[in-house]
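**Q** sharing a sequence plus its predicted fold:
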Amino acid sequence: MASTDTTPKATAKGDDLAGLEAGLDALDAVETHRTPVREVFTKKVVPPLLAVGLVLVVWQILVSAKVTDETKLPAPSAVWDSLSDMWLKGTLLDVIWTSVSRGLLGFLLALAIGTPLGLLVARVKFVRAAIGPILQGLQSLPSVAWVPPAVLWFGLNDAMMYTVILLGAVPSIANGLVSGIDQIPPLFLRAGRTLGATGLRGARHVVMPAALPGYLAGLKQGWAFSWRSLMAAEIIASSPDLGLGLGQLLENGRNNIDLPGVFLAIALILVVGIAIDLLIFSPVERWVLRSRGLLVRS
């Protein structure tokens with residue numbers, strides 16, 4: 001008659017299997033409860049506000065202690081007065097929108113060019129060997145270097161601005177996509193080819209989704225380069241025909257020896273860059289991480 005194995009060794013093996021199953025079940029059980037508004041405010045809003053407040057306090061202490069002359073470091077109240085003056089004149093939003101609209105349009109153009117270029121470089125060996133190093137070199141080249149030739153090519157107009165933006169942002173977007181594609185497991189690509197996903201279909205349904213994290217990193221860097229390139233172009237090639245943007249506002253403050261205006265322009269450039277990241281790229285990044293099970297929905 002067969003007997004059941006009830007030795008301690010068999011019991012331990014059963015306990016290990018039960019523990020493994022419980023652990024897998026715990027991994028699958030992702031919490032989907034909604035985080036309270038108070039907790040979100042405490043964790044995500046209060047820390048940056050405290051950091052800004054600390055910077056303002058230290059700034060005011062330096063001014064009050066007369067560590068340096070006010071012609072070199074204006075008081076926060078002087079910068080606020082400049083902001084209020086622009087608001088009352090109705091020019092503040094126009095100045096911001098002039099630069100933001102240029103930056104976003106230039107970034108979209110860079111996206112339309114950099115994405116197919118990145119796919120081509122990543123998937124065609126000859127193209128990668130030919131222009132891959134050039135893209136890497138262009139990404140390390142300061143955007144300000146393109147302003148003088150762009151002015152000579154197109155003059156002081158929007159075409160010059162967009163040229164500088166494209167030359168600064170396209171390499172970052174293309175290189176980000178190439179990096180993302182290089183990190184795709186070969187098994188994914190073989191499985192896609194087996195299922196008939198080749199050519200454009202393979203790029204759309206296999207390559208791009210698998211390379212999305214690296215591609216998104218390239219997009220964020222591309223926006224940073226777009227914004228920096230635009231500011232360099234507006235500062236160097238300022239002209240009444242181009243309208244007043246944030247870069248021109250900064251340059252006008254320097255020419256007029258208006259230090260509060262200079263600090264105001266710097267603050268606005270910084271705020272716009274942070275706002276675009278928080279409003280556009282951070283939500284997309286959270287969606288990508290959540291879709292891959294790397295971020296718990298809250």
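**A** Arrived safely.
**Q** run a quick neighbour tally on Ala224.
**A** 18 (other Cβ atoms under 10 Å). Quick note: C-beta positions are derived from backbone N, CA and C, even for glycine.
**Q** which residue comes closest to it once chain neighbours are left out?
**A** Counting by Cβ to Cβ, 6 or more residues apart in numbering, Gly273 is the residue found nearest to Ala224 once chain neighbours are left out, at 7.3 Å.
**Q** what about the one you found, neighbour count?
**A** 16.
**Q** so where's the chain shaky on pLDDT?
**A** Along the chain, the model assigns pLDDT under 70 to residues 1-37, 39-41, 43-45, 188-190, 192-193, 195-206, 292-298.
**Q** remind me, longest helix of it?
**A** The single longest helix within the chain, with elements called by DSSP state H, is helix 92-123.
**Q** flag every buried residue along that helix.
**A** For helix 92-123, a neighbour-count test (16 or more other Cβ atoms under 10 Å) marks 92, 95-96, 98-100, 102-104, 106-107, 109-111, 114-115, 117-119, 121-123 as buried.
**Q** one step back: within the helices and strands, which one has the residue nearest to Ala224?
**A** Secondary-structure element containing Gly273, defined by DSSP states H and E: helix 259-276.
**Q** which of the residues in the helix or strand following that helix are buried?
**A** Per DSSP H and E, helix 259-276 leads on to helix 282-291 as the next helix or strand towards the C-terminus. The neighbour-count check on helix 282-291 (16+ other Cβ under 10 Å) flags 285, 288 as buried.
**Q** export helix 282-291 as CSV, just CAs?
**A** Only the C-alpha atoms of helix 282-291 are listed here, as CSV (Å, rounded to 0.1, in the frame of the first residue of the first chain):
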residue,chain,number,x,y,z
SER,A,282,5.6,64.4,-16.2
PRO,A,283,2.0,63.1,-16.9
VAL,A,284,3.2,61.2,-20.0
GLU,A,285,6.1,59.7,-18.0
ARG,A,286,3.7,58.6,-15.3
TRP,A,287,1.4,57.0,-17.9
VAL,A,288,4.3,55.1,-19.4
LEU,A,289,5.6,53.8,-16.1
ARG,A,290,2.0,52.9,-15.0
SER,A,291,1.4,51.0,-18.2
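**Q** contact partners for Gln221?
**A** Neighbour list for Gln221: 172-173, 176 [criterion: Cβ atoms under 8 Å, 6 or more residues apart in numbering].
**Q** buried ones in the helix or strand hosting it?
**A** Per DSSP H and E, Gln221 falls inside helix 212-236. For helix 212-236, the buried set under the neighbour-count rule, 16+ other Cβ under 10 Å, comprises 212-235.
**Q** contact partners of whatever helix or strand comes next after that helix?
**A** Tracing the chain C-terminally past helix 212-236 and defining elements by DSSP H and E, one meets helix 246-255 next. For helix 246-255, contacts defined as Cβ under 8 Å, 6+ apart pick out 95-96, 98-99, 230-235, 238, 242, 244, 258-262, 264-266, 268-269, 272.
**Q** likewise stretch 180-188?
**A** Counting by Cβ under 8 Å, 6+ apart, residues outside stretch 180-188 touching it are 118-119, 122-123, 206-207, 210-215, 217-218.
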